[in-house]
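1. Provide a 3D model corresponding to the input given below.
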Amino acid sequence: MTTTSGDQGVLDGLEQTPARKPLSLPIRPRSAFDDLGFAATVDALVKQTQQLYLADGVPWVVGYSGGKDSTATLQLVWLAIKGLEPEQRTKPIHVISTDTLVENPVVAAWVMNSLDVLGKAAQEQELPITPNRLTPAVNDTFWVNLIGRGYPAPGPKFRWCTERLKIKPSNTFIRNMVRAHGEAILVLGTRKAESSARHARMAALESRRVRDLLSPNGTLPNALVYSPVEDWSNDDVWTFLMQTANPWGHSNKELLTMYQSGSEDSECPLVVDTTTPSCGDSRFGCWTCTLVDQDKSMAAMVSNDEEKEWMLPLLELRDQLNTAGREKRDFRRMNGSVQLYTRTERTADGKQEQVELTIPGPYTQDARAEWLTSLLKAQAWIRQNGPDYVKSLELITPAELEEVRRIWVVDKHEFEDRLPAIYEEALGEPYPGGPLDEHLPLGADMIDALREVAGDALHFELVRELLDIEQRHRAQVRRAGLFDSLGKALRKGFYDDENDALDRARSRKNPRAAATPVNDPILVADGWIREESAE
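-> Okay, here's the model as predicted:
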């Protein structure tokens, strides 16, 4: 066969082209059902759970968040107990679900309905399963701390929410169970495939297992952990839920629909220690969460379903919390001290310089009032424009409102008592709480006159606190603590403004370099010239 020069060029090109690699199909991830098959694997887990249940008299505590992992775990437990003879069902099983009171309202409604259905089904089927809805103590709730005490929205460096809202309620329940019975077995839906950190944590605890299947809990003494779906993948969980009917009558298909309405495939687990992933890393969590840049789940729900547009005010309020700057915060710390930190800033000519600033403290009185107003207005709008199941939605409970009011008037000496007026203006109805006359040394007219005489906000706050302290000690036979309280008020409130406080803080830090010498008797008294500890 003869070839032209052009043909030869084509052939040379073909010879230099590397051989094409054969097409490779994606490898299917290993499933927990590969070895025995689906039915046999589930049957084996049910029998394993039955044997563990019958092994001793230690009560069980099942963590239930309403998400896929905890639902699959509870289904396995339910099937195991239902498969026993009635006389064998002697050990109590407590199902606990922690409601932070700021959960995604759609998910919260789902979980509460599931607990109601679950409790009725357990009674009808004569199972020793009892649902328990846990909530944080009033003084630990999100709004009491943020609106009441003025804690800034949670962030990576000040993540005050997880301990108060999730860990304490569940740990209190578990510790009470341990005190009553000596031990408790926690049945959790934790899986190694959730994350590499979770896999490492569970693998480390496996080496310390007792009774073959039980791992110790790292923070709760005498609490052992059983994780029946620890080796399941995400797909395994959904396969089980779609092929196994929910034994207490709740719809797993509706659960799948709720997941599909959001974005990432994750959930808020029962949090019993700081190693458990919290809402900041999960899809369904607190709608107030500022540990993430965006609430993707709620945003997806709103965009995917017009009927959920009533949640828009929650997204807006959450974004306001996330972007609030230091202008809404006091330049003093919670204990009244002024502390400095150094920040690198770029000047107009492009150079970098070190700038000393005060470490911002809690939200100011006006900022806290603004947050409460926005929250109550969002509640009123949702009740008016939302579907029937949110017509009575409480974004902040009456008990929380009363605690916020008490903190404002009693702890922070804000005896103007602004909360009832804010409530009435936002909701258009009278505030249901009672009067606080014993904590109000001045009437409204006198307060306005005092503000005018004081001349500025800082001096008004100082005089207001001094008057409140005097009024509280007036009726005491022994005015113990009076001078300490007065001294604390003076140390906190004698500054002219933030610049004055900044200069005096520099004086304490480096007296020689300060613009103003440290000669104030208030600063010198009681050893005030020192680095105050943070609060």
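2. would you list every one of the helices in the stretch 101-250 of the chain?
-> 105-124, 142-143, 161-162, 168-181, 196-206, 234-243 (DSSP state H, counting those that start in this stretch).
3. of the ones you listed, which is nearest residue 396?
-> helix 142-143 (4.9 Å; CB to CB). In short, each C-beta sits where N, CA and C put it, glycine included.
4. on that earlier part again, got TSV for the helices of the stretch 101-250 of the chain, with mean pLDDT and mean neighbour count too?
-> Shown next, in TSV, are the helices of the stretch 101-250 of the chain (pLDDT from 0 to 100; neighbours: other CB atoms under 10 Å):
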stretch	mean pLDDT	mean neighbour count
helix 105-124	94	18
helix 142-143	98	22
helix 161-162	91	24
helix 168-181	95	17
helix 196-206	51	14
helix 234-243	93	17
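5. any chance of TSV for the ones you listed, columns distance to residue 403?
-> Below are the helices of the stretch 101-250 of the chain laid out as TSV (distance: least, CB to CB, whole Å):
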stretch	distance to residue 403
helix 105-124	21
helix 142-143	9
helix 161-162	17
helix 168-181	16
helix 196-206	35
helix 234-243	39
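6. quick check: which of the ones you listed is nearest to residue 59?
-> For those, proximity to residue 59 was assessed by CB to CB; helix 168-181 is nearest, at 5.5 Å.
7. show me what the closest one is packed against.
-> Counting contacts by 3 or more CB pairs under 8 Å, 6 or more residues apart in numbering; DSSP states H and E, helix 168-181 packs against strand 60-63, strand 93-98, strand 129-134, strand 184-187.
8. tell me which of the ones you listed approaches residue 245 most closely.
-> In terms of CB to CB, the element of the helices and strands packed on helix 168-181 nearest to residue 245 is strand 129-134, at 17.0 Å.
9. against residue 234, how distant is residue 376?
-> Distance, residue 376 to residue 234, by CB to CB, to the nearest Å: 40 Å.
10. returning to what we had before: nearest to residue 454, of the helices of the stretch 101-250 of the chain?
-> helix 142-143 (29.7 Å).
11. how close does residue 161 sit to residue 184?
-> Between residue 161 and residue 184 the computed distance is 25 Å (CB to CB).
12. what's the answer for residue 356, then?
-> 52 Å.
13. please say which of the two ends up with more neighbours.
-> residue 184 (24 against 12; other CB atoms under 10 Å).
14. and that one, what does it touch?
-> 58, 59, 60, 61, 174, 177, 178, 222, 223, 224 (CB atoms under 8 Å, 6 or more residues apart in numbering).
15. beta partners of it?
-> In this entry, residue 184 is beta-bridged to residue 223, by DSSP bridges.
16. returning to that earlier point: out of the helices of the stretch 101-250 of the chain, the one nearest residue 342 is which?
-> Nearest of these (CB to CB): helix 161-162, 28.1 Å.
17. how distant is the closest one from the center of its chain?
-> Distance of helix 161-162 from its chain centroid, counting by CA atoms, centre = their mean, to the nearest Å, is 4 Å.
18. who does that helix touch, helix- and strand-wise?
-> Looks like helix 161-162 contacts no helix or strand (3+ CB pairs under 8 Å, 6+ apart).
19. ranges for the helices of the stretch 351-500 of the chain?
-> Counting by DSSP H, counting those that start in this stretch, the helices of the stretch 351-500 of the chain are 365-385, 398-406, 419-427, 444-454, 457-473, 482-493, 498-509.
20. let's have those in CSV, adding mean neighbour count.
-> Below are these laid out as CSV (neighbours: other CB atoms under 10 Å):
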stretch, mean neighbour count
helix 365-385, 18
helix 398-406, 19
helix 419-427, 17
helix 444-454, 13
helix 457-473, 18
helix 482-493, 16
helix 498-509, 17
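21. between the ones you listed, which one is closest to residue 141.
-> That would be helix 398-406 among the helices of the stretch 351-500 of the chain, by CB to CB, at 5.5 Å.
22. list of residues touching that closest one?
-> Outside helix 398-406, the residues within contact range by CB under 8 Å, 6+ apart are 101, 138-139, 141, 143-144, 147-148, 372, 396, 417, 419-420, 423, 432-433, 436.
23. any regions of this protein where pLDDT drops low?
-> The model of the chain has pLDDT under 70 over residues 1-28, 193-212, 262-284, 437-440, 511-535.
24. any idea how far stretch 305-317 is from the chain center?
-> How far stretch 305-317 lies from its chain's middle: 20 Å, per CA atoms, centre = their mean.
25. ok, and for it, which residues are buried?
-> With burial defined by 16 or more other CB atoms under 10 Å, the residues of stretch 305-317 counted as buried are 308, 310, 311, 312, 313, 314, 315, 317.
26. next one: stretch 138-150
-> Going by 16+ other CB under 10 Å, stretch 138-150 has these buried residues: 138, 140, 141, 142, 143, 144, 145, 146, 147, 148, 149, 150.
27. could you do stretch 37-48 as well?
-> By neighbour count on 16+ other CB under 10 Å, the buried set for stretch 37-48 is 38, 41, 42, 45, 46, 48.
28. if we ignore the residues flanking it in sequence, what's nearest the fifth one?
-> This points to residue 46. residue 80 (4.8 Å; CB to CB, 6 or more residues apart in numbering).
29. quick check: the residue nearest to residue 462 when sequence neighbours are not counted vs residue 85, distance?
-> Among residues not flanking residue 462 along the chain, residue 493 sits closest, at 3.2 Å (CB to CB, 6+ apart). According to CB to CB, residue 493 and residue 85 sit 71 Å apart.
30. nearest to residue 29, out of the helices of the stretch 101-250 of the chain?
-> Of all the helices of the stretch 101-250 of the chain, helix 234-243 sits nearest to residue 29, with 7.1 Å by CB to CB.
31. the closest one packs against which elements?
-> Helix 234-243 packs on helix 38-54, helix 68-82, helix 252-260, going by 3+ CB pairs under 8 Å, 6+ apart.
32. my read: residue 386 touches residue 380, true?
-> No - judged on CB atoms under 8 Å, residue 386 makes no contact with residue 380 at a distance of 10.7 Å.
33. burial check on residue 225, number of neighbours?
-> Residue 225 has 23 neighbouring residues, counting by other CB under 10 Å.
34. OK, contacts around it?
-> Shown in contact with residue 225 (CB under 8 Å, 6+ apart): 185, 186, 187, 188, 190, 205, 214, 215, 216, 217.
35. try 6 Å
-> 186, 188, 215, 217 (CB atoms under 6 Å, 6 or more residues apart in numbering).
36. please name the nearest non-neighbouring residue to residue 404.
-> Nearest residue to residue 404, sequence neighbours excluded (CB to CB, 6+ apart): residue 148, at 4.0 Å.
37. the one you found touches residue 410, doesn't it?
-> No - with contact defined as CB atoms under 6 Å, residue 148 does not count as touching residue 410 (10.8 Å).
38. span of stretch 156-175 from start to end?
-> When the termini of stretch 156-175 are compared using CA to CA, to the nearest Å, they are 28 Å apart.
39. for stretch 301-316, that is, sorry about that
-> One end of stretch 301-316 sits 14 Å from the other (CA to CA).
40. could you give the separation of that stretch from the chain centroid?
-> Offset of stretch 301-316 from its chain centre (CA atoms, centre = their mean): 21 Å.
41. show residues contacting that stretch.
-> Contacts for stretch 301-316 (CB under 6 Å, 6+ apart): 261, 287, 298, 378, 381, 382, 385, 386.
42. so how far is residue 58 from the closest residue to residue 126 other than its chain neighbours?
-> Nearest residue to residue 126, sequence neighbours excluded (CB to CB, 6+ apart): residue 86, at 6.2 Å. Here residue 86 is placed at a distance of 20 Å from residue 58 (CB to CB).
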